[in-house]
Every structure is written in structure tokens, then in C-alpha cells.
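here is the input, now give the coordinates:
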Amino acid sequence: MIFEHHQRILFIGDSITDSGRGTTAPPYGDGYVNMIRNFLLAGYPAHNLTIINRGVGGNTVRNLAARWEKDVLLERPNWVSVMIGANDVWRHFAYNTNEAVPLGEYVDTLRRLISRTQAAIKANFILMQPFLVNSDHGNPMRQLMDVYSGSLELLALEFNATFVRTQAAIDAVLAAKPSTFWSPDQIHLGAAGHMVLAQAWLRAVSYEL
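Residues are numbered from 1 along each chain as shown. Here you go, the predicted structure:
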């Protein structure tokens, strides 16, 4: 596993990361972050890892940038796990298209945040693909999500960040059960869907059972 003893791992993103951490299930939420925390604590109890959830529902990368100082830098994590992009893409297709984030802005903002964080606190990064619970590659939203995900993968290479292929993990389970089993709206996930994300993340960080 890539984590060392006594390290702090901070998760940041939108509602998928939030998953009720500020309302119904504080402080970790009841989604993939809490599942990962339980696996890490159970599998590596002597590591004494600290898990922090800073997901906020409805966020785009613009929102992350606005709260980065307080929610990331002041926490001084050793690792920052970022999953953002669902709202950035979805709003290209929704009524509030003025809040959609163009691809260039999405990539440039993340590049600036990563660079700033590595310079300030020397944190490592884990970048999780934004995804759509829809395996139809002809779907316009899926096509655009794939573009954003591909750009994120290039960013991971640029910064030597760990990359989590969440879309591939979702596609694999869609081959067995329909999208409605995993998600009510092709974005938000039920418990089984969150476990798919957690398993993909754990594989990416070389977690061993």
C-alpha cells in the first residue's frame, strides 16, 4: 500500500464524495469515503491513518478552488484524493448551462490547485475520474464525460499522481446489471455503487487484503 504510518488522507469533491457527511452521516458520509476508511482502518490498523472528508454537494472545480485554502491547505494532508467533474459536465446539458465549466478551465484549475498544494505542503494526489452510469458511448453526456476523464488522466501523468479508473469500474458492473440498479439518475450512487468506487480506489493505492 502506498500510505505510510500516521498520514492524513483528505477526500474532496462534490455530492458523491459528500454523501451526507455534513447532514445525515457526519463526518465521513455514508458513501465510498466511509467505506474506504473502514477498509483502511481494518486492514492496516497499525498505520493510524486519519481520513478527512471535504466533499460538498453541487460543487464544480470552481467551488473547489474557492474553498481550497480552508478545506485542503489548512488541513495539511499528506494525500489529497480528488473526484470532481460530474457537475462541470452535467451543467452543459442542464438548465443552468452558465455554470458549466469548459474543459480548458477544468484542467487549468486543477493544474493550478495541484501545483499550489505540492509547493505549499508537498502533498501527494489521487485523481479519480468523473463518471457516468451509462455505458452507451454514443450518449452525448457520456462522450463529454470521457473527454474530461481523459484530460484528467493526462494531468495525473503530468504530476505523477495516482489515477483511479472509476468509469472502467462502473462499466464493468454495468455489463452485469442495468444502470438503475447502481444509480437513480446516472450520477448519484446507491450503496453497491459506492462500493464499486471504493474497490477501484483501493486497487489503485495497492491495498492488500
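
phi and psi next, for the residue nearest in space to the middle of the chain.
Centroid-nearest residue in the chain, with CA atoms, centre = their mean: Met83, separated by 2.1 Å. Note on Met83: backbone dihedrals following degrees, to the nearest 10 are phi -130, psi 110.

quick check: it vs Gln167, distance?
Distance, Met83 to Gln167, using CB to CB, to the nearest Å: 11 Å. (Glycine included, C-beta is placed from N, CA and C.)

between the two, which contacts overlap?
Residues touching both Met83 and Gln167 (CB atoms under 8 Å, 6 or more residues apart in numbering) are 129-130.

distance of Leu154 from Ala119?
In this structure, Leu154 and Ala119 are separated by 21 Å, where distance is defined by CB to CB.

wait, Leu124 touches Ile114, no?
Small correction: residue 124 is Asn, not Leu. No. The criterion here is CB atoms under 8 Å, and Asn124 misses it with Ile114 at 10.1 Å.

intersection of neighbour lists for the two?
Counting by CB under 8 Å, 6+ apart, the shared contacts of Asn124 and Ile114 are Ala161.

did I read that right, Leu127 in a strand?
Yes. Counting by DSSP: H, G, I helix; E, B strand; the rest coil, Leu127 is located in a strand.

for the protein, name the helix or strand with the lowest mean pLDDT.
In the chain, the helix or strand scored least confidently by mean pLDDT, DSSP states H and E is helix 86-90, which has a mean of 94.

now do the helix or strand following that helix: which elements does it pack against?
Following helix 86-90 in sequence order, the next helix or strand is helix 103-121 (DSSP states H and E). For helix 103-121, the contact count by 3 or more CB pairs under 8 Å, 6 or more residues apart in numbering; DSSP states H and E identifies helix 61-71, strand 124-128, helix 140-158 as packing neighbours.

show me the contact partners of the last one.
Outside of helix 140-158, the residues within contact range by CB under 8 Å, 6+ apart are 85-86, 88-90, 92-93, 103, 106-107, 110-111, 114, 125, 127, 129-132, 134-137, 161-163, 167.
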